[in-house]
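Colleague: quick one, structure for this:
(chains A and B)
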There are 2 protein chains.
Amino acid sequence: MSIEIHTDEYYMRQALAEARLAYEAGEVPVGAVVVSQGRIIARAHNLTERLNDVSAHAEMQALTAAAHFIGGKYLTRCTLYVSLEPCMMCAGALHWAQLSRLVFGAFDPRKGFSTWDKPLLHPKTEWEGGIMEEESAALLRDFFAERRKD
Amino acid sequence: MSIEIHTDEYYMRQALAEARLAYEAGEVPVGAVVVSQGRIIARAHNLTERLNDVSAHAEMQALTAAAHFIGGKYLTRCTLYVSLEPCMMCAGALHWAQLSRLVFGAFDPRKGFSTWDKPLLHPKTEWEGGIMEEESAALLRDFFAERRKD
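Modeller: Predicted structure coming up:
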């Protein structure tokens, strides 16, 4: 039996800290952490600009890092915390990884996975959105407002 | 103006050659090439086992390699040939890359992107399936039949 010593908000704050690192690097500010048995086993943020790669979303980096840590491809006993609702690509990757639980901050009404009727996540993946939603959304709003000024 | 000197079948044969490399390496045999102005700028095959990473599909590798070749994130003037219909994850990645054209071999009635009602590909992406379908499907069938014998 694993003991959850921290709340979802605690881990989401860690994901937000990653999102802030993305912000400072000029990347769309989205961050993620992967938690296994109460322990953070991967931290990542969006790197699409630095890596010049549209697939370098926070979730993709976190998933790959967590798989390397575990030494196996499947995240069947892991929770992924991410500051923004995963897109269709990331949801597809989390599907293949058979992630056990997903917690996200802000909803994404345009590209968020929950806007597709046929589910994109694995049927075994539990998910919850809206955790520290306002902080996550504010970071994105500030980022794009600043960009428009340039 | 670009001159297309080869047919779709020609490039699909190149994607199938990549799929065969995957087969020989014990990977689910799917291969892809990216073509820009008649020239192959990236070749890749599925590497999920070798990289221990569920996101290492042929399309993801090909997309990243093509972006590196181009020196930009967007594949707006490229065609991706892949032996199997892309899944939701790969279609999402091709969406973000704004791929101009997608050609695939075998249809995937379970996880193929075309089985979702709300489109997964970018609205500007033209696509066509069923090119050398039988060869692509046969390779996958043989692979799984051999595995069941083990």
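Colleague: what residues does chain A have near chain B?
Modeller: For chain A, the residues in contact with chain B (Cβ under 8 Å from any Cβ of the partner chain) are A:48, A:52-55, A:60, A:63-64, A:67-68, A:71-74, A:87-93, A:95-97, A:115-118, A:120. For every residue, glycine as well, the C-beta is placed using N, CA and C.
Colleague: recalculate using a threshold of 6 Å.
Modeller: Within chain A, the positions lying close to chain B (Cβ under 6 Å from any Cβ of the partner chain) are A:52-55, A:60, A:64, A:67, A:73, A:87-89, A:92-93, A:96-97, A:116-118, A:120.
Colleague: narrow the residues you listed to just the buried residues.
Modeller: Buried by 16 or more other Cβ atoms under 10 Å in any protein chain shown: A:53-55, A:60, A:64, A:67, A:73, A:87-89, A:92-93, A:96-97, A:116, A:120, out of those.
Colleague: tell me where chain A has strands.
Modeller: A:31-36, A:39-45, A:78-84, A:101-106, A:126-129 (DSSP state E).
Colleague: strands paired with the third one, and their directions?
Modeller: This points to strand A:78-84. Strands that pair with strand A:78-84, judged by DSSP bridges, come out as strand A:31-36 (antiparallel), strand A:101-106 (parallel).
Colleague: now these as JSON lines including mean pLDDT?
Modeller: JSON lines is the format used below for the strands paired with strand A:78-84 (pLDDT from 0 to 100):
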{"stretch": "strand A:31-36", "mean pLDDT": "98"}
{"stretch": "strand A:101-106", "mean pLDDT": "98"}
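Colleague: TSV please, covering the strands of chain A and showing mean neighbour count.
Modeller: Listed next are the strands of chain A as TSV, based on neighbours: other Cβ atoms under 10 Å in any protein chain shown:
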stretch	mean neighbour count
strand A:31-36	27
strand A:39-45	20
strand A:78-84	28
strand A:101-106	24
strand A:126-129	15
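Colleague: how about TSV for those strands, with distance to B:Arg110 added?
Modeller: Shown next, in TSV, are the strands of chain A (distance: least, Cβ to Cβ, whole Å):
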stretch	distance to B:Arg110
strand A:31-36	27
strand A:39-45	29
strand A:78-84	24
strand A:101-106	21
strand A:126-129	21
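Colleague: what sits against A:Cys78?
Modeller: By Cβ atoms under 6 Å, 6 or more residues apart in numbering or on different chains, the contact list for A:Cys78 reads A:34, A:36, A:100.
Colleague: cool, A:Leu51 as well?
Modeller: For A:Leu51, the contact set (Cβ under 6 Å, 6+ apart) is empty.
Colleague: now with 10 Å?
Modeller: Going by Cβ atoms under 10 Å, 6 or more residues apart in numbering or on different chains, A:Leu51 touches A:27, A:61, B:64, B:67-68, B:73.
Colleague: ok so, going back, just the contacts of A:Cys78 now: which is nearest chain B?
Modeller: Among the contacts of A:Cys78, A:Val34 lies closest to chain B (Cβ to the nearest Cβ), at 13.4 Å.
Colleague: the residue most central in space within chain A: what's it in contact with?
Modeller: In chain A, the residue lying closest to the centroid (Cα atoms, centre = their mean) is A:Val82, at 2.6 Å. Counting by Cβ under 10 Å, 6+ apart, A:Val82 touches A:12, A:15-16, A:18-19, A:30-34, A:44-45, A:57-59, A:62, A:90, A:94, A:102-106, A:129, A:131, A:136.
Colleague: look up how far A:Ala19 lies from it.
Modeller: Distance, A:Val82 to A:Ala19, using Cβ to Cβ, to the nearest Å: 9 Å.
Colleague: likewise for A:Ala106?
Modeller: For A:Ala106, the distance to A:Ala19 - Cβ to Cβ - is 10 Å.
Colleague: quick check: neighbours shared by these two?
Modeller: Common contacts of A:Ala106 and A:Ala19, defined by Cβ under 10 Å, 6+ apart, comprise A:30, A:82-84, A:135-136, A:139-140.
Colleague: could you dump these to CSV with pLDDT and distance to A:Arg148?
Modeller: As requested, the shared contacts of A:Ala106 and A:Ala19 are exported to CSV (pLDDT from 0 to 100; distance: Cβ to Cβ, whole Å):
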residue, pLDDT, distance to A:Arg148
A:Val30, 98, 19
A:Val82, 98, 25
A:Ser83, 98, 21
A:Leu84, 98, 19
A:Glu135, 97, 21
A:Ser136, 97, 20
A:Leu139, 98, 15
A:Leu140, 97, 13
